[in-house]
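1. have a look at this fold, sequence not included:
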DNA sequence: GTGAAAGCGCTAACAC
DNA sequence: GTGTTAGCGCTTTCAC
């Protein structure tokens, strides 16, 4: 069965395709009787105009591409939800591109999104989180950004001047550090994350600064790099526990890592926060799921997504808009951090 | 700056658009020297053919729509990952449609996916999980399925004969029930889920059957409906704990609910599994994150997604393929269930 | 109010 | 091997 088109509708209604198009788009007055006739035929066949053909002319697809490293991480999932929420009444739909953080897959997706002529792109993780980037990787995005609106979430690309919406991750880390210091902790460790990933570096730097400000020493063996997973958090925490001298508090690079750390500590018979305070970062749903509930920093993930779409929308409509949107993170104190005690 | 097209390439290379198209698609031999000339111009301008125009002709977009109720639930996220994995080398990309389980939004998405002429649709949750469905809701999907390949995951639509890939949820519930009985439990409760949702009904029925088989009584106040969230699990468990007579084991409708149940029990000073055994369903990443780790049933979520894409792919290529693909769930015993003890 | 026809960017006969 | 041309399904001037 051939697909039904405006021509079929026009023919059956004894009008021209132009008229059908007019009622479809309400783009010019049509005599009420002919409009009704056309509508009834449209309904009869459940006719829906081919969006491809429309987009070819209108040069807009109503599609937004989202490139993110890991759909399995609730942080990204929350960002997506925020984006989706904002996009609802604006009529956008989403291409979800799960890059796994691999650059070649990011490149592939960039290219696909371009071919499919998405109206805009939201980019998270992977190359936009690199401390020092490869020129080719940057160039790919920069060139695409000249044709298609792109916004980076919690990331950056050198010399690119691409629109960004970011939370001040350093500030979040400062909040956390100060919180622990206020609780009386003087020996604090930093767990997880990779040395070449910008958000990690920023947090770590802020942590160090805050410690210094308070005349507290940061032991270098208490800065342990790893990944961003529960598994990694567990391993790293075990390493920490095995040390002759343990910290009384631990800041983890994200909630996943913190949960892993808690698991390791509990398995080794420690009580949290009595024996050790553990803090996460991101305030994912996971943080209220775990026992004890996690003290963490809210990145306003939902809001990040919302704002990104809002900016994209303005960009698509050729409105001028500030390049940088900064959101303030906030400390969320729950049960996994407590007053420093001798009891270790 | 106007968009660059095959015409621009053709002009600069002193050939016709047909030749450009030929090198683009490798659809006919082209003299090597002209091919090279064309390629160099393509590279020079970073030309990428407009997929919209291509799709208009080829009648295939390489896009698959995924409608699911909650991107925040790791079960769906794992299914998506499986789908994405299978789709990689097949060249599909995904429209992610988060319905929130609301029928009107499902309808909207169905309509959008149709207009955008996706090559196939994967449908999870919402209306395909209803015990008794509304004809309009069914009709929408059925009609679309005549034009576009559709596969349902863990769902069904009456009289529709749409392709489905499902896990045998009843069998999973039986495994779980038997497991608890084998541990010596005789008083078991069922927590969470809604009365009109098919997967829940199936599990519950299987639970009852298995109990009967073992001459065990199912108290009706121990079957408590609710939702599928951590919060709901917590509430329901608290209700159970408040009862004069408590069960020694609890089967939860999904992992979220089980985690909530664990939280409630722990907060009330109970130890798991010493005081009460708690089991989940789905084997989401959450189940290894919680303390104690969750005994649960694996739905093979990743495989569900993989198979769905595989079937879609065959459907798209007009291959004949069985309507029903059944996956066997498997019991995953971890720490949250244990031998029945008097200690309560 | 309505129709004829051009054109969006591409592919695929068909001709040479 | 390569060019001409007719669509794919729609929107949009420009006439009338």
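-> On my side now, so go ahead. The shown structure was predicted, so the numbers you read here are calculated from the model rather than taken from an experiment.
2. can you list the domains in chain A?
-> If you go by automatic domain parsing, the domain ranges for chain A are A:6-58, A:63-168+A:301-329, A:169-299.
3. closest one to residue B:255 among those?
-> Ranking the domains of chain A by proximity to residue B:255 (Cβ to Cβ) places domain A:169-299 first, at 9.9 Å. For the C-beta atoms, the positions are set from N, CA and C on the backbone; glycine is no exception.
4. any idea how far apart the tips of that closest one sit?
-> With Cα to Cα, to the nearest Å as the measure, the ends of domain A:169-299 fall 8 Å from one another.
5. now stretch A:124-132
-> The first and last residues of stretch A:124-132 sit 16 Å apart, counting by Cα to Cα.
6. next to DNA strand D, which bits of the stretch 51-200 of chain A? Give me the list.
-> With Cβ under 7 Å from any atom of the strand as the criterion, the stretch 51-200 of chain A meets DNA strand D at residues A:53, A:54, A:56, A:57, A:58.
7. neighbour-wise, which of those residues leads?
-> For those, neighbours were counted using other Cβ atoms under 10 Å in any protein chain shown, and residue A:54 has the most, 18 neighbours in all.
8. helix, strand or coil for that one?
-> What DSSP: H, G, I helix; E, B strand; the rest coil gives for residue A:54 is helix.
9. what is the one helix or strand residue A:173 maps to packed up against?
-> Taking DSSP states H and E as the criterion, residue A:173 maps to helix A:169-182. Taking 3 or more Cβ pairs under 8 Å, 6 or more residues apart in numbering or on different chains; DSSP states H and E as contact, the helices and strands that helix A:169-182 lies on are strand A:188-191, helix A:198-213, strand A:249-252, strand A:277-279, strand A:296-298, strand A:330-332.
10. quick one: strands adjacent to the first one?
-> The reference is to strand A:188-191. strand A:223-224 (parallel), strand A:249-252 (parallel) (DSSP bridges).
11. so which residues of the stretch 101-250 of chain A form helices?
-> Using DSSP state H, counting those that start in this stretch, the helices of the stretch 101-250 of chain A run over A:103-115, A:135-147, A:169-182, A:198-213, A:230-242.
12. which parts of the third one are buried?
-> It refers to helix A:169-182. For helix A:169-182, the buried set under the neighbour-count rule, 16 or more other Cβ atoms under 10 Å in any protein chain shown, comprises A:169, A:170, A:171, A:172, A:173, A:174, A:175, A:176, A:177, A:179, A:180, A:181.
13. chain center to it, what's the gap?
-> If you compare the mean C-alpha spot of helix A:169-182 with that of the full chain, they lie 22 Å apart, counting by Cα atoms, centre = their mean, to the nearest Å.
14. coming back round to it: want to throw the domains of chain A into JSON lines with mean pLDDT?
-> Putting these into JSON lines (pLDDT from 0 to 100) gives the following:
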{"stretch": "domain A:6-58", "mean pLDDT": "96"}
{"stretch": "domain A:63-168+A:301-329", "mean pLDDT": "97"}
{"stretch": "domain A:169-299", "mean pLDDT": "97"}
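15. for residue B:296, find the nearest of these.
-> Going by Cβ to Cβ, the one of the domains of chain A nearest residue B:296 is domain A:169-299, 14.6 Å.
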